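Visitor: could you look at this predicted model? Sequence included:
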Amino acid sequence: MKTDRRDARKLCRLFRAGELTAIRIPPPDEEAVRDLLRLREDLGEDILRARHRLSKFFLRHGRIFREATNWTQAHWTWIRAQRFELPLLERLRDEHVVAIEMRVAQRDQLERELHAIALEPRYAAEVRRLSALRGVQTLTALTLIVEVGDFARFASAAEFMGFTGLVPSEHSSGGSRRQGAITKTGNSHLRRVLVEAAWAYRSRPRNAGLGQGRRRDQPPAVLALCIGVEQRLYRRYWRMVQRGKLSQIAAVAIARELAGAVWALMRETPAAA
């Protein structure tokens, strides 16, 4: 049975009852920026896989680098100094190296273009405001802006946290309440950049002036919120770790609260300022 007429009638009833929520359709240029940021993420994954292939290639032939950290300049010097008796193995090493270098060059070029986009008038003010949060760099701020699009969609910080998939899942029945792992619903790109930024709160807050660095020229309300978030999340992270929580679990909890701070900056603080 065709249900077009029934569906149309149901939509009319929902609209009349005020049960429909308006959405914002991003313009094509904003979608293009979002896709460029996702391409950068894909290139990072390609680089990681290519590095793993080269490492396992050396490992199969008993070549292990122990002098310093992998993928430093010293490591690359060691990689290029490795020699094999068979020409095919020499070529295999070179192919792995070229694959990594090509992807790194692509990623670096893309990052330069994205940094230039972040300075454009339509993004610059919001990128600078979000960059006042500790752990949020320029491309992280740009990712938050274009992936969310319209922060007005979320009436509260809790709604935005739920959108990122960083809230605990619920397995409750009757009078008991049981929470599980995070839901991982919603936007995985947002979740990734928020968790990456959350690791910055392991370090003690710096005793820097309010007008220094990325916080220069920000309104007092923005500065107050960012400094308060930095101090609170640092204390919360170490309280959780000292209670025996795994550092990964603590970082996810910090990322959830950081999402709330992002929402507050984009919704409440500018009006207050």
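Guide: Cool, the structure landed.
Visitor: residue 89 contacts residue 61, correct?
Guide: Yes. The pair residue 89 / residue 61 is scored as a contact, 7.3 Å apart, by Cβ atoms under 8 Å. Backbone N, C-alpha and C define where each C-beta goes, glycine included.
Visitor: just the strands in the protein please.
Guide: Assigned by DSSP state E, the strands in the chain fall at 168-170, 179-182.
Visitor: can you list contacts of the last one?
Guide: Applying Cβ atoms under 8 Å, 6 or more residues apart in numbering, the contact partners of strand 179-182 are 165, 166, 167, 168, 169, 170, 171, 252, 256.
Visitor: next: stretch 231-245.
Guide: By Cβ under 8 Å, 6+ apart, the residues outside stretch 231-245 that reach it are 198, 201-205, 247, 249-251, 253-254, 257-258.
Visitor: for residue 24, find the nearest of the strands of the chain.
Guide: For residue 24, the closest of the strands of the chain is strand 179-182, at 25.9 Å, according to Cβ to Cβ.
Visitor: need the CA coordinates for the closest one. CSV is fine.
Guide: Output in CSV follows, covering the C-alpha atoms of strand 179-182 (Å, rounded to 0.1, in the frame of the first residue of the first chain):
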residue,chain,number,x,y,z
GLN,A,179,24.6,3.0,33.5
GLY,A,180,27.0,1.4,31.0
ALA,A,181,29.6,2.5,28.5
ILE,A,182,29.1,5.7,26.5
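Visitor: okay, the strands of the chain in TSV with mean neighbour count, mean pLDDT and distance to residue 240 next?
Guide: Converted to TSV, those look like this (neighbours: other Cβ atoms under 10 Å; pLDDT from 0 to 100; distance: least, Cβ to Cβ, whole Å):
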stretch	mean neighbour count	mean pLDDT	distance to residue 240
strand 168-170	12	84	14
strand 179-182	12	82	15
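Visitor: next up, the contacts around residue 136.
Guide: Residue 136 neighbours (Cβ under 8 Å, 6+ apart): 130, 144, 197, 262.
Visitor: got the contact list for the residue nearest to the first one when sequence neighbours are not counted?
Guide: Across the structure, with Cβ to Cβ, 6 or more residues apart in numbering as the measure, the residue nearest residue 130 apart from its sequence neighbours is residue 141 (3.7 Å). Under the criterion of Cβ under 8 Å, 6+ apart, the contact list for residue 141 reads 118, 126, 127, 128, 129, 130, 131.
Visitor: please name the nearest non-neighbouring residue to residue 57.
Guide: Nearest residue to residue 57 in three dimensions, chain neighbours excluded: residue 96, at 6.1 Å (Cβ to Cβ, 6+ apart).
Visitor: run a quick neighbour tally on residue 150.
Guide: By the criterion of other Cβ atoms under 10 Å, residue 150 has 12 neighbours.
Visitor: go on, residue 166?
Guide: Counted with other Cβ under 10 Å, the neighbours of residue 166 add up to 27.
Visitor: backbone phi and psi for it, please?
Guide: Backbone geometry at residue 166, expressed as degrees, to the nearest 10, gives phi -100, psi 0.
Visitor: which residues touch the nearest residue to it once chain neighbours are set aside?
Guide: Leaving aside its sequence neighbours, residue 166 sits nearest to residue 256 (Cβ to Cβ, 6+ apart; 4.1 Å). Contact analysis of residue 256 by Cβ under 8 Å, 6+ apart lists 161, 164, 166, 167, 182, 194.
Visitor: and of these, the nearest to residue 75?
Guide: For these, the minimum distance to residue 75 (Cβ to Cβ) is 30.2 Å, reached by residue 194.
Visitor: wait, the closest one sits on residue 164?
Guide: Yes. Using Cβ under 8 Å, residue 194 is in contact with residue 164, at 6.2 Å.
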